[in-house]
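[1] Take this sequence and fold it.
(one chain, ligands or ions: 1)
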Amino acid sequence: MFPPASEAFTRMESCARSVFAGYGFAELRTPLLEHTELFCRSIGEETDVVAKEMFTFADRKDRSLTLRPEATAGVMRALIDDGCLAREAMSRFFTFGPMFRYERPQKGRMRQFHQINAECLGSDSPFVDAELIDMLLRYLGVLGIVDVILKLNSLGCAMCRPNYRTALSAYFGRIEQGVLCPDCLRRAAVNPLRVLDCKQSCCRAATQNAPKFIEYHCDSCARHFATVRDALRGRSFEIDHRLVRGLDYYCRTTFEVTSAAVGAQSAIAGGGRYDGLARSLGGPDVPGVGFACGMERMALLLPKAPVSRPDFYLLAMDAELLMQSFVFVRHLRENGLRGICDVSQGSFKNRMRQAGKSEARFCLIIGSDEAADATVTVKTLDSGEQARISQACAAQYMGAAS
Ligand code: HAM
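    Numbering: from 1, shown residues only. The predicted model follows:
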């Protein structure tokens with residue numbers, strides 16, 4: 001990744017650091033590799049991610065390892081190993097980094113992509129869900145990504161999900177043979193919620209009128225979802241009854257942020273609640289909720305950053321003058337100025353051309369006359385104006401002229 005793309009990534013990361021800090025989040029760094037079993041147990045064997053998209057291989061001792069396809073499972077594994085889930089009432093962490101999924105590459109879909117991930121553990125309050133969604137929207141807003149749609153759904157809990165699954169299975173049972181794709185035909189029996197997530201047009205059409213989870217919520221899930229929606233008052237969102245997300249660990253609130261401007265891969269962020277995950281991985285029964293943003297997709301929407309020009313480009317007229325120039329440039333940088341000291345030996349014309357290309361505000365020239373009386377010729381590149389001033393005053397001169 002080259003500038004300006006790499007600079008856009010730095011901008012997204014530093015903005016996340018400052019916005020998330022305002023909500024009490026701290027940074028966590030987790031490994032790129034985990035035992036394959038972690039992802040099978042957390043994400044689910046029936047998901048596309050686990051069934052088709054993982055980069056999995058055996059290590060030298062024949063243990064199965066996988067390049068992480070997402071961050072949540074690794075974050076949970078790390079927190080359980082560390083014991084801090086049991087220790088602290090609530091923990092809030094964010095992570096950055098590359099993820100790996102063996103998908104068919106296209107615009108906005110890569111095999112190595114980057115996520116900014118936020119996880120909040122230790123509370124099942126619906127206000128935590130709403131606050132996290134609020135944080136995500138605020139973060140996107142601060143970055144200047146505003147033309148987005150927030151989609152919400154609730155996947156219920158262990159109490160009400162069996163009823164919904166039964167209703168869905170009955171619905172799929174009534175669908176004619178050959179309408180669902182072969183994968184969904186199998187999924188309809190094993191994990192019918194996964195059919196709602198299928199992107200094939202035949203399955204999208206077949207699930208259009210499928211039963212809605214909202215009609216099967218137990219009282220507690222209905223109240224939870226109503227509070228999330230209420231707490232998001234003032235934010236615009238739509239309820240997407242088929243938003244089950246591509247990972248099996250979710251319960252209750254699920255959400256996605258999409259934008260039509262990124263093309264077919266329109267989800268720029270997604271997340272939800274995963275209250276049973278810690279326990280299913282052998283940890284304490286600690287509820288959690290989180291989200292991840294896809295950095296490549298956000299980069300497609302990021303407004304251009306204003307160009308930040310270097311202050312100076314310094315040319316020494318010959319090699320003997322480099323030592324004095326070098327010390328002078330150090331003094332400029334110590335005074336807060338940014339720029340380049342040209343150490344090349346080409347023709348003066350070529351080097352002046354380089355100075356122009358650098359987009360610096362000033363070209364500084366040190367020839368033998370300047371070296372003799374500790375002065376520097378300062379050329380303002382925009383106007384062509386030129387002045388010879390003492391090296392001691394140069395930083396102040398350039399600072400005042402900016
Ligand atoms: P996810 O929806 O699988 O969720 O991924 C989150 C975001 O990562 C997507 O909305 C998308 O922007 C980006 N993304 C996913 N796959 C690709 C790809 N192949 N190329 C480019 N971008 C991609 C998760 O990963 C969950 N772990 C989120 C979460 C955190 N849920 C709770 N906590």
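[2] so how far is stretch 186-197 off the chain centroid?
    Centre-to-centre, stretch 186-197 and its host chain are 29 Å apart (CA atoms, centre = their mean, to the nearest Å).
[3] Do me a favour and get the end-to-end distance for it?
    14 Å (CA to CA, to the nearest Å).
[4] can you map out the strands along the stretch 1-150 of the chain?
    26-27, 33-35, 55-58, 64-67, 91-100, 112-121, 149-154 (DSSP state E, counting those that start in this stretch).
[5] how many neighbours does the residue in the stretch 151-300 of the chain that the ligand sits nearest to have?
    Using CB to the nearest ligand atom, the single residue of the stretch 151-300 of the chain nearest to the ligand is residue 294, 2.2 Å away. C-betas here are computed from N, CA, C, even on glycine. When counting by other CB atoms under 10 Å, one arrives at 23 neighbours for residue 294.
[6] List the contacts of it.
    Shown in contact with residue 294 (CB atoms under 8 Å, 6 or more residues apart in numbering): 108, 113, 114, 115, 267, 268, 269.
[7] one more time with 7 Å
    113, 115, 268, 269 (CB atoms under 7 Å, 6 or more residues apart in numbering).
[8] can you list the weak-confidence ranges in the chain?
    87-88, 401-402 (pLDDT under 70).
[9] any idea how far the residue positioned nearest the centre of it is from the ligand?
    Nearest to the mean C-alpha position of the chain, counting by CA atoms, centre = their mean, stands residue 116 at 3.0 Å. Going from residue 116 to the ligand by CB to the nearest ligand atom, to the nearest Å gives 9 Å.
[10] Go ahead and confirm that residue touches residue 98.
    No. If you go by CB atoms under 7 Å, residue 116 and residue 98 don't touch, sitting 11.6 Å apart.
[11] residues in contact with residue 30?
    Here residue 30 is in contact with 71, 74, 75, 78, 95 (criterion: CB under 7 Å, 6+ apart).
[12] What is the neighbour count of the fourth one?
    Residue 78 sits with 18 neighbouring residues when counted by other CB under 10 Å.
[13] Nearest residue to it in space, please, no chain neighbours.
    Distance criterion CB to CB, 6 or more residues apart in numbering; nearest residue to residue 78, sequence neighbours excluded, is residue 30 at 5.2 Å.
[14] can you check the first one too?
    The spatially closest residue to residue 71, leaving aside those adjacent along the chain, is residue 117, at 4.1 Å (CB to CB, 6+ apart).
[15] measure the residue lying closest to residue 68 once chain neighbours are set aside to residue 38 for me?
    Leaving aside its chain neighbours, residue 68 sits nearest to residue 74 (5.4 Å; criterion: CB to CB, 6+ apart). Using CB to CB, to the nearest Å, residue 74 is found at 7 Å from residue 38.
[16] Give me the more crowded residue out of those two.
    residue 74 (24 against 17).
[17] OK, contacts around that one?
    30, 31, 34, 68.
[18] Which of those residues fall within helices?
    Among those, none falls in helices (DSSP state H).
[19] From those, pick the one nearest the ligand.
    Of the contacts of residue 74, the one sitting nearest to the ligand (CB to the nearest ligand atom) turns out to be residue 68, at 9.6 Å.
[20] For burial, what's the neighbour tally of that closest one?
    Neighbour number of residue 68 under other CB under 10 Å is 24.
[21] and it, what is it in contact with?
    32, 34, 74, 99, 100.
[22] Pull the number of nearby residues for the residue lying closest to the last one once chain neighbours are set aside.
    Residue nearest to residue 100 in three dimensions, not counting chain neighbours: residue 67, with 3.9 Å by CB to CB, 6+ apart. Residue neighbour count, defined by other CB under 10 Å, stands at 20 for residue 67.
[23] pretty sure residue 67 contacts residue 32?
    Yes. Judged on CB under 7 Å, residue 67 makes contact with residue 32 at a distance of 6.0 Å.
[24] Quick check: bridge partners of the residue nearest to residue 100?
    residue 33, residue 55 (DSSP bridges).
[25] any idea how far it lies from the ligand?
    12 Å.
[26] who touches that residue in this structure?
    32, 33, 55, 100.
[27] What remains of the residues you listed if I keep only buried residues?
    Among these, those classed as buried by 16 or more other CB atoms under 10 Å are residue 100.
[28] Strands of the stretch 201-350 of the chain, start to end?
    Counting by DSSP E, counting those that start in this stretch, the strands of the stretch 201-350 of the chain are 238-239, 251-258, 267-273, 288-294, 312-316, 339-342.
[29] Show me which residues of this structure sit near the ligand.
    Residues of the chain lying close to the ligand by CB under 6 Å from any ligand atom are 70-72, 101, 103, 108-110, 113, 115, 117, 119, 246-247, 267-272, 290-292, 294, 296-297.
[30] again, only using 5 Å
    For the chain, the residues found near the ligand under the criterion CB under 5 Å from any ligand atom are 70, 72, 101, 103, 109-110, 113, 267-268, 270-271, 290, 292, 294, 296-297.
[31] I appreciate the help and will end here.
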